[in-house]
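[1] for reference, the sequence and a predicted model appear below.
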Amino acid sequence: MGRSLESEANSLTVRDNRTGKTFNIPIVDNTISATAFKAIAAPRKEGEREENETEKGLRVADKGFLNTAVIQSQITYIDGDAGVLRYRGYPIEQLALHSSHLETSYLLIYGHLPSREQYKVFESEIMHHSIVHADAEGFFRSFRYDAHPMAILTSAFSYLGSYYSEANPSLQGQTLFTKGDHNSLANMDKQIFRLIGKATTLAAMAYRIRQGRDFVTPPTGLSYTGSFLYQMDHLGQENYRPSPVLERALDVLFLLHADHELNASCTTVLQTGSSLVDPYSAIAAGCASLYGPLHGGANEAVIRMLISIGSPENVPAFLESVKRREKVLSGFGHRVYKTSDPRSFIIRKTADEVFKVTGKDELLDTAMALHDAAIKDEFFVKRKLAPNVDFWSGLIYRAMGFPLDFFPVLFAVPRVVGWLAHWRQMMLQSGGVKIWRPRQVYVGAGKRDFVPIEERKPVEGPKQAPTPVMHSGITKRTAMAEFKGKTKL
Ligand code: SDX
């Protein structure tokens, strides 16, 4: 049957001028399939590289995933132009005002706001699974006191998975989490409870390593964020209860950081999870991605930037150095938001609540001067660079007294929820899980034959050969010593 007028209208007609052929590519949900372009092949031109594979059909290039959809999702929607963020359709502003991090976690993972009874069960499961095996203490103590807490947390997620062979598809079979039957769903939920419940415990243990303090067993009777603060700060006081203002502020921050659709770390979780590895390893991979200063590490970078600026008077000079590309304005810019990140307004308001009890952070004046200057400056306006979630959050964490390098940990803990929501969605997606394996455009050397070492001429020059490493200390002295089997460095 001929294509209906409707489907004809909803399609892209592509003419390949190399062959004169025309192709109709259907448009579904304002999207075209990249694999449809594989049908558009042409004979290789005279002298064209065989590696271009022209006769095998076109590839679609999208460096940095600027405009490539890799999955269908029902979890989070962002309109970057309008500054809209919704979790399962609920505006982030309403959730921040009326919900809690755990209730929003339920929403993100299961797709609807829980009934009172459903929430009670969910919360008790998560709080019940906040305790870690006593052996974990040895694992944490193996880190130096000054190890970056994100390095500890990233390792800890992977370490955690080693306790749960029942959660490991490499041991139990690759359909462990994709079957979707009762046992598979129950197993999946148990790992979700464990990872959310233990995320705060692992983070608190990393903090206690830095502080040189014993670990604290998760208490009963406190909220998720209350228990987190308790585990970080308790030093034996009787009936210790964290400040309700800090507890609420941290809960709002957790809720705001819970998910943000396919950001770099979530994509990493899905890329890793697509090999059907266990969820602990996938979450560890996501945590490693979040660690970077372009992503979750930006809240730490913002404070380092504000400290380096020093005072409001130095803001104009700093902005000039940014325009000269000598420095980056951390906390500004976003791949999706081309107006202010809606979370930044809520965080800014939360900051004022916190400053009421902690006192204003002395960097706030510099931050406000920087913000006010940048949002009016043509360089940033033209590039649609506005404050993102990280611009103000670091000021709150600093006012709360957390060490600078702990800030990304405060981003990772709540983001475990979003990572798990997307991982679960992918495991249960119709048609099963396909491994993510992007293509490349090969522009390297053509076919060449092996050359025996005696016939080779050394290739020198920057990036073409290893850069000499300067040795010092023991290496330097042993290089001057004589001993059996000594190799020349
Ligand atoms: C998060 O994806 C998410 O959803 C992430 C996140 C989440 O919740 O998961 O929202 C959390 O990671 C927020 C972003 C935190 N990172 C930072 O604050 C670091 C500073 N920001 C930039 O590094 C940058 O804006 C990115 C990485 C966030 C976005 O980079 P893009 O989309 O690749 O944009 P780009 O680098 O192509 O920039 C476009 C232009 C360039 O200038 P031109 O070469 O076109 O002249 O804007 C410039 C960039 O040089 N630019 C900046 C800038 N960000 C972009 N210039 C100065 N300072 C900046 N911060």
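    Looks like it came in fine. Numbering: from 1, shown residues only.
[2] how about whatever residue of the chain ends up closest to the ligand: what's its closest non-neighbour residue?
    Closest to the ligand within the chain is Gly333: 2.2 Å, counting by C-beta to the nearest ligand atom. To be clear about C-beta, it is placed using only N, CA and C from the backbone, and glycine gets the same treatment. Residue nearest to Gly333 in three dimensions, not counting chain neighbours: Leu385, with 4.3 Å by C-beta to C-beta, 6 or more residues apart in numbering.
[3] let me see the contact set for that neighbour.
    By C-beta atoms under 8 Å, 6 or more residues apart in numbering, the contact list for Leu385 reads 329, 332-333, 374.
[4] for Asp405, same thing?
    Contacts of Asp405 (C-beta under 8 Å, 6+ apart): 148-150, 300.
[5] isn't there a helix covering Leu160?
    Yes: under DSSP: H, G, I helix; E, B strand; the rest coil, Leu160 falls within a helix.
[6] surely it and Thr201 touch.
    No: counting by C-beta atoms under 8 Å, Leu160 does not reach Thr201; the two are 9.7 Å apart.
[7] give me the common contacts of these two.
    Overlap of the contact sets of Leu160 and Thr201 (by C-beta under 8 Å, 6+ apart) consists of Val132.
[8] for the residue nearest to Glu300 when sequence neighbours are not counted, grab the count of nearby residues.
    Distances taken as C-beta to C-beta, 6+ apart place Phe407 nearest to Glu300, at 4.5 Å, with adjacent residues excluded. Using other C-beta atoms under 10 Å, Phe407 has 26 neighbouring residues.
[9] quick one: contacts for Phe407?
    Phe407 neighbours (C-beta under 8 Å, 6+ apart): 299-300, 303, 393-394, 397.
[10] which of these are close to the ligand?
    For the ligand, no contacts are drawn from those by C-beta under 6 Å from any ligand atom.
[11] inside helices: which ones of those residues?
    Mapping the contacts of Phe407 onto helices (DSSP state H) picks out 299-300, 303, 393-394, 397.
[12] most neighbours among those, which one is it?
    Of all these, the most densely surrounded is Gly394 (31 neighbours; neighbours counted as other C-beta under 10 Å).
[13] how near is that residue to Gln464?
    For Gly394, the distance to Gln464 equals 40 Å [C-beta to C-beta, to the nearest Å].
[14] next: Ile78.
    In terms of C-beta to C-beta, Ile78 sits 42 Å off from Gln464.
[15] just to revisit the earlier point, show the pLDDT at the residue of the chain closest to the ligand.
    Note for Gly333: predicted pLDDT of 94.
[16] please apply the same query to Gly161.
    For Gly161, the model assigns a pLDDT of 98.
[17] and for Val354?
    Looking at Val354, its pLDDT is 95.
[18] quick check, it in a strand?
    No: remark: Val354 does not belong to a strand; assigned using three-state DSSP, it is helix.
[19] now do the contacts for it.
    Going by C-beta under 8 Å, 6+ apart, Val354 touches 245-246, 249, 396, 399-400.
[20] re earlier: okay, the residue nearest to Gly333 and Ala374: tell me how far apart.
    Distance check for Leu385 against Ala374: by C-beta to C-beta, it reads 7 Å.
[21] circling back to that earlier point, now the contacts of Leu385 as CSV including distance to Thr19 and neighbour count?
    Formatted as CSV, the contacts of Leu385 follow (distance: C-beta to C-beta, whole Å; neighbours: other C-beta atoms under 10 Å):
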residue, distance to Thr19, neighbour count
Leu329, 48, 23
Phe332, 46, 24
Gly333, 42, 20
Ala374, 50, 22
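[22] pick out the most distant pair among those residues.
    Gly333 and Ala374 (10.1 Å; C-beta to C-beta).
[23] Ala367 reaches Ser393, doesn't it?
    No: Ala367 is beyond contact range of Ser393, at 11.1 Å (criterion: C-beta under 8 Å).
[24] which helix or strand contains the spatially closest residue to Glu50 that is not a sequence neighbour?
    Excluding its sequence neighbours, the residue lying closest to Glu50 (C-beta to C-beta, 6+ apart) is Arg44, at 6.9 Å. Using DSSP states H and E, Arg44 sits within no helix or strand.
[25] since that was my last question, I'll sign off now.
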